[in-house]
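> no letters, just coordinates:
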């Protein structure tokens, strides 16, 4: 779901072209538009606020450096979020080398029953690839075809994994709703109410 004030792909392409010519106001505009989705997407992968902040900052430095060689194919968000993904994967590898056994034991002790119902913890119910696809669609606002290009996997696989992940999350929310007696408003219900 796109925000009404969100930049179009064409506007974003122009912004990147202006960044290539040294326009720092264009970089600021792009930063204001994407800093939160970039941070949230990085956070969904690396699970560390400080690392996600670093990745977000590094992303904009990479955009500035790569803007002169950027070739518009009408999908600037896919290009930008592939930078975020690559930086996040690199950071995960770096973190994996320095993780200690005590931290691994702490994470393995977490159970589904102790997970609170909020956006971040719900994503923990998903496999890594499902989490990445849902994050790219929801947080980065990419279409399934753009996610397929970004992740270099077939379009049909993206659609299937996304649908399966959403089904898994709905199932968990339904169990939570029955157990806690808390009504959970879903996307479908909201749209039906406003249509």
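All right, it came through fine. Remember, predicted model here, so these are calculated numbers, not experimental data. Numbering: from 1, shown residues only.

> what segments of this structure are helices?
9-20, 24-46, 49-66, 76-98, 101-108, 119-123, 128-138, 144-151, 155-180, 187-194 (DSSP state H).

> quick one: neighbours of the residue nearest to residue 85 when sequence neighbours are not counted, just the number.
Leaving out its chain neighbours, the residue that sits closest to residue 85 by CB to CB, 6 or more residues apart in numbering is residue 150, at 6.6 Å. (Glycine included, C-beta is placed from N, CA and C.) Close neighbours of residue 150, defined as other CB atoms under 10 Å, add up to 25.

> which residues touch residue 150?
Taking CB atoms under 8 Å, 6 or more residues apart in numbering, we find residue 150 in contact with 78, 81, 82, 85, 136, 142.

> repeat the analysis, applying 6 Å as the threshold.
If you count contacts by CB atoms under 6 Å, 6 or more residues apart in numbering, residue 150 has them with 78, 81, 82.

> just residue 147 next, same as before
Residues near residue 147 by CB under 6 Å, 6+ apart: 133, 136, 158.

> likewise residue 175?
Residue 175 neighbours (CB under 6 Å, 6+ apart): none.

> ok, residue 15 next?
26, 29, 30.

> skipping adjacent residues, who's closest to the second one in space?
This points to residue 29. residue 15 (5.8 Å).

> from residue 57, how far off is that neighbour?
Distance, residue 15 to residue 57, using CB to CB, to the nearest Å: 18 Å.

> cool, and residue 43?
Residue 43 is 13 Å from residue 57, by CB to CB.

> look at the two and report which has more neighbours.
Using other CB under 10 Å as the criterion, residue 43 and residue 57 rank with residue 43 on top: 21 against 15.

> tell me which residues touch residue 134, please.
Here residue 134 is in contact with residue 165 (CB under 6 Å, 6+ apart).

> one more: residue 26?
For residue 26, counting by CB under 6 Å, 6+ apart, the contacting residues are 15, 18, 19.

> quick one: the second one and residue 78, what's the gap?
Here residue 18 is placed at a distance of 19 Å from residue 78 (CB to CB).

> so which of those two has more stuff around it?
Ranked by neighbour count (other CB under 10 Å), residue 18 and residue 78 place residue 78 first, with 21 against 17.

> taking the centroid of this structure, which residue is nearest it?
Note on the chain: the residue nearest the mean C-alpha position is residue 41, at 2.9 Å, using CA atoms, centre = their mean.

> quick one: contacts for it?
Neighbours of residue 41 in contact, by CB under 6 Å, 6+ apart: 84, 135, 139, 140.
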